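Participant: model the structure of this input:
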Amino acid sequence: MAYDPSNVFARILRGELPCKKVYEDDHVLAFHDISPRAPVHVLVIPKGTYVSMDDFSERAGDAEVAALTRAVGRIARELGLAAPGYRILSNIGEDGHQEVPHLHIHIFGGRPLGRMLDPAIAP
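Facilitator: Predicted coordinates:
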């Protein structure tokens, strides 16, 4: 999957589409998902043009990596998710069901989230 500069997250970063911002710094933007799958569903994206976590881990600078990692924890704490718990998820590639070619990390919380994968489908 190649980076597409017209993807929805790139458009949000350029201010072409609105978002309900939760957090922003020099390297990261976080906002509420428009189709939440849990009471709390926030997307955390780097401002750089990275397709996936694989791409990000290979090409991002140390400051970007630290900013993204720290942002996820900070946002979860600020939203009151640290004590009860939360889930982070990043889909990568076709098998991972990645739909937008811009790295994004989902933060889910606000209720018990159940199993992540159905054990019936395990090999």
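
Participant: what's the longest strand in this protein?
Facilitator: Ordering each strand of the chain by length in residues (DSSP state E) puts strand 40-46 first.

Participant: that one - contacts with which helices or strands?
Facilitator: Contact partners of strand 40-46 among helices and strands, from 3 or more C-beta pairs under 8 Å, 6 or more residues apart in numbering; DSSP states H and E: helix 8-13, strand 28-32, helix 62-78, strand 105-109. Every C-beta, even on glycine, is put in place using the N, C-alpha and C of the backbone.

Participant: which one of these lies closest to Leu117?
Facilitator: Among these, strand 105-109 comes nearest to Leu117, with 14.2 Å by C-beta to C-beta.

Participant: and the closest one, what's buried?
Facilitator: Residues of strand 105-109 classed as buried by neighbour count (16 or more other C-beta atoms under 10 Å): 105-109.

Participant: now do stretch 71-83
Facilitator: For stretch 71-83, by 16+ other C-beta under 10 Å, it's 71-72, 74-76, 79, 81.

Participant: quick check: the two most widely separated of those?
Facilitator: Using C-beta to C-beta, the buried residues of stretch 71-83 reach their maximum pairwise distance at Ala71 and Leu81, which is 13.6 Å.

Participant: check contacts around Val40.
Facilitator: 79, 81, 86, 107-110 (C-beta atoms under 8 Å, 6 or more residues apart in numbering).

Participant: ok, what's across the strand from the residue nearest the centre of the chain?
Facilitator: Centroid check for the chain by C-alpha atoms, centre = their mean gives Ile105 as the closest residue, at 1.7 Å. Applying DSSP bridges to Ile105 yields these beta-bridge partners: Val44.

Participant: and Pro5, what is it in contact with?
Facilitator: Counting by C-beta under 8 Å, 6+ apart, Pro5 makes contact with Thr49.

Participant: residues in contact with the closest residue in space to Arg111 that isn't next to it in sequence?
Facilitator: Among residues not flanking Arg111 along the chain, Pro39 sits closest, at 5.5 Å (C-beta to C-beta, 6 or more residues apart in numbering). Pro39 makes contacts with 109-111, as judged by C-beta under 8 Å, 6+ apart.
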